[in-house]
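J.: Coordinates for the following, if possible.
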Amino acid sequence: MLWGLLLSAVGVMAFATYVTTNTVERFKVTDALFEYQSFDDDLADWEISDAEFGGAAVADGVLAIEQYEATGSVVLSQEINLEPDDKYLRFTGAVSGEDIVPGKENWEAARVIYLELDESGKHDRRKRHELVRLKGTEDVQQYSADIALAASTVALRISMQMHKTVGKMEVSALALHRSELSADYKLSRLLLICGWSALLLWCVYLLFRAAPTVAGGAFVLFAGLVFVLGILSPGSINSRFFAWVEETAGISGEHMEYVAHFVGFMLFGLVLKLFQARRPVLVLVAVCAIVSLVSEVLQLMTLDRRLQYIDMIINFSGAVLGVMLGFVVLRIGRGISRWRFRRENARREAEDEAEDEFAKGEFVDEIDSVYQDNELR
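T.: Next up, the predicted model:
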């Protein structure tokens, strides 16, 4: 009954989080860093790299970037220095495309991007940084991206690119504004975090009320801290962590984050089963489902991360596999214990039999001795 109520409450909280994060305005725009309602003919503020079979031109205030053959690139970029107090930005643009055919690689595209630069001029390649990516023919649309700046970011590079892409991209407006968190978003975020925390505490109570242990409590405390810090930490911190793992372990590839999610939740499921050996497997699977759902839904309340259903599936799969491994480990452990118990019993029975034989032999010798004494008399 209590587990059913918990699952229902989780569903209600997930729906409330989704609705809140899609209806409450997160940011309130303040002043502008730069704004182009129309472009100048000379494009003096922009660094331009022209390809052999393309270029950039302005007509009636609209910037057109065109390329006829997919053999090179046309790139226009501008670097904006930021103030130390800048934390949040809103990047907007009105962009359209005409007969755009992208290349085979992910970076071979017609797109408008922004890059966060540190003091050395480097940027985090894993962080999502696209305002728009065009394909085919698209009418003019207004695009917007809210940026939560990393602590190390000192400048932002705005770039309009056509890398090995045929077609025409038109940009009629671009703007970059400073922004701040709205009061409604701060309040709703606080309420949602408190609600999810209460549900997690309820789940912990249901798990450990029957057999509370110091080890189990320590595990829950440690897992809870890692869980909250991992979910609510900025995406830039996670990106640097995965970069460090790749560099240290010598592992590379775009699916490194998926592997880390799977392994992490597999360890969670394994330890959960080991500490809750008497719990039914279905109960532990339900807990894994709750944790997997919460881990992704809570990311809706972060500023530079997003809910991904593939991550939710990977998390749940890893946790369930961990529970199954824990079940196998416990069965193997019990089998070893039974084998050692039987071996110990066999050893003791052999010793007892040997002692009985020895005692029996002494008794026979004593009887023989008494019989011989009687004969002598």
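
J.: Please count neighbours and contacts with C-alpha atoms only from this point.
T.: Fine.

J.: How is this protein divided into domains?
T.: Here the domain parsing of the chain from automatic domain parsing is 2-23+182-331, 32-180.

J.: wait, which of those domains is closest to Arg340?
T.: Taking Cα to Cα, domain 2-23+182-331 is the member of those nearest to Arg340, at 14.1 Å.

J.: before we move on, the earlier item: if we compare the domains of the chain, which one ends up closest to Ala346?
T.: Nearest of these (Cα to Cα): domain 2-23+182-331, 22.2 Å.

J.: which stretches of the stretch 251-377 of the chain have low pLDDT?
T.: Applying pLDDT under 70 to the stretch 251-377 of the chain flags residues 251-257, 300-307, 352, 354-377.

J.: Swap in 80 and give it another go.
T.: Judged by pLDDT under 80, the stretch 251-377 of the chain has its weakly predicted residues at 251-261, 264, 271-281, 283, 287, 290-309, 311, 333-334, 337, 346-377.

J.: same deal with the stretch 51-200 of the chain?
T.: Counting by pLDDT under 80, the stretch 51-200 of the chain shows low-confidence ranges at 51-53, 70, 106-107, 121-128, 150-151, 188-200.

J.: Show me where it has its helices.
T.: Taking DSSP state H, counting those that start in this stretch as the test, the helices found in the stretch 51-200 of the chain are 183-208.

J.: OK, contacts around the spatially most central residue of the chain?
T.: Note on the chain: the residue nearest the mean C-alpha position is His261, at 6.2 Å, using Cα atoms, centre = their mean. Counting by Cα atoms under 8 Å, 6 or more residues apart in numbering, His261 touches 311, 314-315, 318.

J.: Also Leu63?
T.: Applying Cα under 8 Å, 6+ apart, we find Leu63 in contact with 39, 56-57, 170-172.

J.: cool, and Thr20?
T.: By Cα under 8 Å, 6+ apart, the contact list for Thr20 reads Ser188.

J.: any idea which element it lies in?
T.: Using DSSP states H and E, Thr20 falls within helix 2-23.

J.: Distance from the chain centre to that helix, please.
T.: 20 Å (Cα atoms, centre = their mean, to the nearest Å).

J.: Okay, angle between that helix and helix 183-208 too, please.
T.: Following axes from the mean of the first three to the mean of the last three Cα atoms, to 10 degrees, one obtains 160 degrees for the angle between helix 2-23 and helix 183-208.

J.: So what are the sheet partners of the helix or strand just after helix 2-23 and their directions?
T.: Using DSSP H and E, the helix or strand that follows helix 2-23 in sequence is strand 27-36. Strand partners for strand 27-36, identified by DSSP bridges, are recorded as strand 166-181 (antiparallel).

J.: Name the residues of the strand it pairs with that come out as buried.
T.: 166-180 (16 or more other Cα atoms under 10 Å).
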